[in-house]
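[1] Pasting a predicted model and its sequence here:
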Amino acid sequence: MIEGIEVAAALTFALALAAGVVTQLVARHIGVPGIVLLMATGLILGPDLLGVVQPDSLGSGLTILVGMAVAVILFEGGMGLNLAQLRQQSRPIQLLLTVGPLITTAGGALAARVFLGWDWSRSLLFGTLVIVTGPTVIQPLMRRIGVKRNVRTVLEAEGVFIDAIGATVAVVALSLVTQPSGDLAGPLLLFVEKIGFGVVAGAIGGLAIAFLLRSRNLVPEGMENIFTLSLVLALYQVSHTIFPESGIAAVTVAGLVVGNVEHRGLTDLKEFKEQLTVMLIGLLFVLLAADVRLTEITNLGRGAILTVLALMLVVRPISVVIATWGSALTMKERGFIAWVAPRGIVAAAVASLFAEELTAAGQEGGLELRALVFLVIAVTVLIQGFSGGLVASILGVRRTSDSGFVILGANGLGLALGKSLRLRGAEVVFMDSNPQNVRRAEEAGFRAIYGNALEERPLQLAELDTRAACMGITQNEEMNLLFVRKAREEYKVPRALVGIRATDSRISPSMAYDAGATVLFGGPRNVQGWTARLAHSEAEIQSWEWQPSSDEPTFRERMRTSLGEEGADRFLPMALERGGRLLPLDDQWEPRRGDLVFFAIHWDSDAKVAGETESPSERLAGLGWKRRELPDRAETVDTSA
């Protein structure tokens with residue numbers, strides 16, 4: 001008998017894990033929200049239909065598995081938040097995390113009471129369960145839609161932090177219902193203590209993890225990911241053991257700390273945690289959905305649908321209007337935030353816990369409560385997931401297209417080009433498969449993405465479909481060409497440019513043109529040489545304005561020749577500002593009076609050397625260029641092509 005149970009448990013775990021991953025692959029290919037298919041998969045594989053996934057066979061192990069998986073998911077969600085962006089939107093975020101839960105709890109409880117006729121105790125529990133939204137749904141949705149950064153920051157921050165707050169509120173409410181004492185001060189104090197302890201434990205744990213990761217002697221290279229995973233799980237369980245239900249807050253705060261403290265392996269860690277989160281979300285949703293019976297949902301009747309609609313169309317808008325009142329968010333941005341509040345894995349996990357606890361306490365309604373929460377998850381994810389893009393377009397909150405640049409190659413030359421484009425306030429994002437290059441870009445203040453530039457995930461993170469231009473400047477010229485071709489054909493980037501070596505190049509300008517690209521820096525250059533010079537600070541960026549004494553074509557051609565082969569090792573034209581537009585300079589550039597060009601000037605050749613009669617500065621001046629001071633502050637300039 002015991003052996004049979006063990007076999008059923010092992011089979012359930014293995015099938016749920018595999019089904020969860022495969023289902024998400026299918027969802028991505030057909031372009032539908034993954035959670036919807038995961039819930040359907042769980043119902044199909046569960047006891048109601050095929051019966052191959054039996055969550056009951058896991059026994060108490062299911063509760064432990066859910067807790068550990070949620071800990072990893074929320075840690076990863078915390079790592080994805082940027083403290084600087086949180087500070088910019090601190091007021092609406094704070095109110096959504098304080099006033100928002102109160103309004104949602106009251107509104108959800110009232111809706112369940114009115115439309116389902118539930119008693120106040122069960123209605124209150126439902127109200128606390130739907131407080132949460134969740135990063136597992138919000139973050140993929142925001143990446144797919146491509147909304148403005150301030151709107152995305154508010155929604156993602158709410159999704160991460162509200163899970164810890166909402167889960168703790170719900171557990172306190174459950175204890176109040178199952179063990180009524182008539183004293184409201186006690187549960188309120190208990191909530192504050194749980195959150196407070198979790199925040200402190202998470203801050204200390206996060207700083208400890210980040211400190212240990214900074215030392216190569218303590219954590220050998222290649223072990224950073226598993227080291228962090230083990231400490232996160234330990235932090236969650238220790239915090240939960242000392243102060244029950246504080247573990248969720250602890251791992252969320254720890255993720256925020258680790259993700260915002262510079263340390264070795266940060267980029268690899270984020271990649272690892274994101275993949276692990278995808279796997280765990282699939283596993284949990286299949287298991288938890290398989291534990292729900294279809295009859296439990298259908299027996300709720302029309303009142304359940306009305307309750308969900310009330311949450312979406314009345315409660316959420318009221319909460320957002322109050323929480324964002326007086327903030328810098330526009331009315332349309334507030335409207336979009338009010339529309340988007342899909343529930344995720346934490347709501348499902350806590351609802352399943354409630355069903356188990358209420359049944360164990362001999363109280364009715366636990367199964368109906370869980371069924372209603374799963375209905376909320378399915379409806380909100382389905383409707384808001386499919387309509388989010390349309391609503392964002394109608395309200396005008398999508399990220400502006402043709403905005404900023406993506407550079408493949410965070411080497412010395414790429415960083416110098418990025419700094420040139422950033423001088424006027426343009427957003428520059430780097431991509432690189434070398435973690436050291438990524439770290440250098442981040443240290444220089446750029447957003448940098450680690451990964452293969454031909455894979456979907458890094459390209460989505462770079463928001464390539466919203467960019468004005470993309471550039472390939474790695475030492476791998478074939479990779480550069482494939483990258484810009486993919487950007488032009490699949491992501492419809494308006495401009496694409498590649499760096500081509502002047503000698504021993506494996507690609508030609510005509511190949512770049514066939515790929516829909518042009519050649520950076522005005523033509524083929526000594527790319528390797530300039531990369532080394534800029535990496536070793538043997539060159540500097542200078543700005544020069546062209547004010548020629550003659551507009552004759554022969555003078556213009558002489559100037560182009562001097563900037564080309566004759567001056568290839570003296571100065572490198574990198575970026576062009578013309579008519580309020582900031583652009584990378586390519587081989588299609590036709591000089592015009594008033595053009596402001598950012599050059600890289602070779603230090604060693606800035607003075608006269610043997611065999612030369614003039615320095616690069618003198619040569620530029622002789623060609624009609626006048627030196628201009630580099631901007632001492634970033635000014636917003638149109639970056640559209």
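    Thanks, I have the structure now. Residues are numbered from 1 along each chain as shown.
[2] Model confidence score at Gly622, please.
    Gly622 is assigned 77 on the pLDDT scale.
[3] Would you mind measuring from it to Leu329?
    Using Cβ to Cβ, to the nearest Å, we find Gly622 at a distance of 54 Å from Leu329. (Glycine included, C-beta is placed from N, CA and C.)
[4] Which helix or which strand is home to Leu287?
    helix 266-290 (DSSP states H and E).
[5] isn't Asn150 right up against Leu329?
    Yes. Under the criterion of Cβ atoms under 8 Å, Asn150 makes contact with Leu329 at 6.9 Å.
[6] More neighbours: these two, which one.
    Per other Cβ atoms under 10 Å, whichever of Asn150 and Leu329 has more neighbours is Leu329, with 23 against 18.
[7] Can you give me every residue that contacts the more buried one?
    Gln89, Pro92, Asn150, Val151, Val154, Ile337 (Cβ atoms under 8 Å, 6 or more residues apart in numbering).
[8] element containing it, please.
    Leu329 belongs to no helix or strand, assigned by DSSP H and E.
[9] Could you tell me the phi and psi values at it?
    Per-residue torsions, Leu329: phi -70, psi 140 (degrees, to the nearest 10).
[10] how close does it get to Arg91?
    Separation of Leu329 from Arg91 (Cβ to Cβ) stands at 9 Å.
[11] How about Ser508?
    55 Å.
[12] ok, then the element right after the helix or strand of the chain with the lowest mean pLDDT?
    Every helix and strand of the chain was ranked by mean pLDDT, DSSP states H and E. The lowest is helix 553-563, at a mean of 58. Note on helix 553-563: by DSSP H and E, the next helix or strand toward the C-terminus is strand 571-578.
[13] now what about that next one, what contacts it?
    416-417, 420-421, 424, 521-522, 525, 530, 539, 541, 563, 582-585, 589, 592, 594-602, 616, 619-620, 637.
[14] In strands, which of those fall?
    Per DSSP state E, strands hold the following members of the contacts of strand 571-578: Ala539, Ile541, Leu582, Leu583, Pro584, Leu596, Val597, Phe598, Phe599, Ala600, Ile601, His602.
[15] Using CSV, lay out these together with distance to Ala371 and pLDDT.
    Shown next, in CSV, are these (distance: Cβ to Cβ, whole Å; pLDDT from 0 to 100):
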residue, distance to Ala371, pLDDT
Ala539, 66, 83
Ile541, 62, 85
Leu582, 55, 82
Leu583, 57, 87
Pro584, 56, 91
Leu596, 65, 89
Val597, 66, 88
Phe598, 62, 88
Phe599, 67, 87
Ala600, 64, 87
Ile601, 70, 85
His602, 71, 80
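[16] who wins for most neighbours among these?
    That'd be Pro584 among the ones in strands among the contacts of strand 571-578, by other Cβ under 10 Å, with 28 neighbours.
[17] is it true that it touches Leu497?
    Yes. Using Cβ under 8 Å, Pro584 is in contact with Leu497, at 5.6 Å.
[18] Could you pull out the residues contacting both of these two?
    Joint contacts of Pro584 and Leu497 (Cβ under 8 Å, 6+ apart) are Ala469, Met471, Leu520.
[19] Go ahead and confirm the last one touches Met471.
    What it means is Leu520. Yes. Taking contacts as Cβ under 8 Å, Leu520 lies within contact range of Met471: 6.2 Å.
[20] Mutual contacts of those two, please.
    Counting by Cβ under 8 Å, 6+ apart, the residues touching both Leu520 and Met471 are Leu417, Leu497, Val498, Gly499, Pro584.
[21] what two of the residues you listed have the greatest distance between them?
    Leu417 and Val498 (12.2 Å; Cβ to Cβ).
[22] so what sits against both of these two?
    By Cβ under 8 Å, 6+ apart, the residues touching both Leu417 and Val498 are Met471, Ile473, Leu520.
[23] Not counting sequence-adjacent ones, nearest residue to the second one?
    What it means is Ile473. Of all residues not flanking Ile473 in the chain, Gly409 sits nearest, at 3.9 Å (Cβ to Cβ, 6 or more residues apart in numbering).
[24] show me what contacts the one you found?
    Taking Cβ under 8 Å, 6+ apart as the test, what Gly409 contacts is Phe430, Met431, Asp432, Asn437, Met471, Gly472, Ile473, Thr474, Gln475, Asn480, Gly499.
[25] I'd like to know how far it sits from Ser123.
    Gly409 is 57 Å from Ser123, by Cβ to Cβ.
[26] And the pLDDT for Pro342?
    88.
[27] Number of residues surrounding it?
    26.
[28] Quickly find the element holding it.
    Applying DSSP H and E, one finds Pro342 in no helix or strand.
[29] Ok, the one 4 residues further on next?
    Here Val346, judged by DSSP H and E, is contained in helix 345-360.
[30] got it, and Gly20?
    Applying DSSP H and E, one finds Gly20 within helix 2-30.
[31] what's downstream of that helix, the next helix or strand?
    Using DSSP H and E, the first helix or strand after helix 2-30 is helix 34-45.
[32] So which bits of that following helix are buried?
    For helix 34-45, the neighbour count (16 or more other Cβ atoms under 10 Å) marks Gly34, Ile35, Val36, Leu37, Leu38, Met39, Thr41, Gly42, Leu43, Ile44, Leu45 as buried.
[33] nearest to Glu296, of the residues you listed?
    Among these, and counting by Cβ to Cβ, the member closest to Glu296 is Leu43, at 11.0 Å.
[34] So the closest one is in contact with Gly51, correct?
    No. Shown here, Leu43 and Gly51 do not form a contact pair, counting by Cβ under 8 Å, at 11.5 Å.
[35] in the stretch 401-550 of the chain, which spans are strands?
    Ranges of strands in the stretch 401-550 of the chain, per DSSP state E, counting those that start in this stretch, are 405-408, 428-432, 447-450, 469-472, 495-498, 518-519, 539-546.
[36] I'd like to know which of these is closest to Thr252.
    Nearest of the strands of the stretch 401-550 of the chain (Cβ to Cβ): strand 447-450, 22.6 Å.
[37] and the closest one, which strands flank it?
    strand 428-432 (parallel) (DSSP bridges).
[38] quick one: the partner strand to chain centroid distance?
    Relative to its chain's centre, strand 428-432 lies at 14 Å (Cα atoms, centre = their mean, to the nearest Å).
[39] try stretch 419-437
    For stretch 419-437 - counting by Cα atoms, centre = their mean - the centre lies 17 Å from the chain centre.
[40] before we move on, what about stretch 363-374?
    33 Å.
[41] Repeat that for stretch 205-213.
    Relative to its chain's centre, stretch 205-213 lies at 22 Å (Cα atoms, centre = their mean).
[42] For that stretch, list every residue counted as buried.
    Under 16+ other Cβ under 10 Å, the buried positions of stretch 205-213 are Gly205, Gly206, Ile209, Ala210, Leu213.
[43] Could you tell me which of the residues you listed belong to helices?
    Among the buried residues of stretch 205-213, the ones falling in helices (DSSP state H) are Gly205, Gly206, Ile209, Ala210, Leu213.
[44] For this structure, give me the ranges with low pLDDT.
    Along the chain, segments meeting pLDDT under 70 span 1-7, 178-187, 216, 262-268, 401, 550-569, 603-614, 630-641.
[45] Which residue is the nearest non-sequential neighbour of Ala210?
    Ala210 sits nearest to Val261 (Cβ to Cβ, 6+ apart), 4.0 Å away.
[46] quick one: contacts for Glu489?
    Gly516.
[47] what's the spacing between it and Leu482?
    11 Å.
[48] before we move on, what about Val438?
    For Val438 relative to Leu482 (Cβ to Cβ), the value is 20 Å.
[49] more crowded one of the two?
    Counted by other Cβ under 10 Å, Val438 and Leu482 do not tie: Val438 has more neighbours, with 22 against 16.
[50] give me every residue that touches the more buried one.
    Thr267, Ala410, Phe430, Asp432, Ala448, Ile449, Tyr450.
[51] Return the closest of those with respect to Leu372.
    Using Cβ to Cβ, those come closest to Leu372 at Ile449, 39.9 Å.
[52] Having no further points to raise, I will conclude here.
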